[in-house]
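Asker: Generate coordinates for the sequence data below:
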Amino acid sequence: KLATTNMLLRLIALLSYVLLANTAPPTCYSRVLSLSKEITESFKELQTSKAVDSCVTTMPRLYLDIHNYCVLAKLREFVAYPTCDRVLEVSELKEKARSLYTIMISYCRRDLVFLTDDCNALENPIVPHIESS
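Answerer: Numbering: from 1, shown residues only. From the prediction side, this is the model:
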């Protein structure tokens, strides 16, 4: 029984090593990309939640594309929006948006490449059309 436990522990250690060895450290770009997706998804959930205050429906839309230069203005607008601060979920989302903005303009300034400056694309994102068969 001791040999089986010992072998199992070695196997777990080996698998842990392999998993850790194959993962690359997060880059500034990957952090910004994941945080922007997290914020966008949280905002969608907030908009569709029935338990949230009605003021949430009047907030500016929050679709984030970190490749669009207008995302910086969109983040500033969202963080500065005056209503809904009493809603905990909104305050948390604003804090995440503030963090993303800070990361983008301070830490990742040289790592990011903006492919467009189409501000309208952040208001009306193109949703991929899926054809039904």
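Asker: any weak-confidence spans in this structure?
Answerer: Applying pLDDT under 70 to the chain flags the ranges 1-2, 17-25, 51-53, 125-133.
Asker: at 80 instead, please
Answerer: Counting by pLDDT under 80, the low-confidence segments of the chain come to 1-7, 11, 13-26, 49-58, 60-61, 83-86, 109-111, 123-133.
Asker: quick one, what contacts the nearest residue to D117 once chain neighbours are set aside?
Answerer: Among residues not flanking D117 along the chain, Y69 sits closest, at 4.1 Å (C-beta to C-beta, 6 or more residues apart in numbering). All C-beta spots, glycine's among them, are computed from the backbone N, C-alpha and C. Taking C-beta atoms under 8 Å, 6 or more residues apart in numbering, we find Y69 in contact with F114, T116, D117.
Asker: switch the cut-off to 10 Å
Answerer: Y69 makes contacts with L112, F114, L115, T116, D117, D118, C119, as judged by C-beta atoms under 10 Å, 6 or more residues apart in numbering.
Asker: Using TSV, please lay out these together with neighbour count.
Answerer: Formatted as TSV, the entries for the contacts of Y69 read as follows, by neighbours: other C-beta atoms under 10 Å:
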residue	neighbour count
L112	18
F114	13
L115	10
T116	13
D117	11
D118	12
C119	13
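Asker: And the residue nearest to D117, how close does it get to P82?
Answerer: Taken as C-beta to C-beta, to the nearest Å, the spacing of Y69 relative to P82 amounts to 25 Å.
Asker: Let me see the ranges of the helices in this protein.
Answerer: Defined through DSSP state H, the helices belonging to the chain, from first to last, are 2-22, 28-48, 71-80, 88-102, 119-123.
Asker: Tabulate the ones you listed (JSON lines), appending distance to V56.
Answerer: Formatted as JSON lines, the entries for those read as follows, by distance: least, C-beta to C-beta, whole Å:
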{"stretch": "helix 2-22", "distance to V56": "39"}
{"stretch": "helix 28-48", "distance to V56": "6"}
{"stretch": "helix 71-80", "distance to V56": "12"}
{"stretch": "helix 88-102", "distance to V56": "7"}
{"stretch": "helix 119-123", "distance to V56": "17"}
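Asker: Nearest to P60 among those would be which one?
Answerer: Distances from P60 to each of these were compared using C-beta to C-beta; the shortest belongs to helix 71-80, at 5.6 Å.
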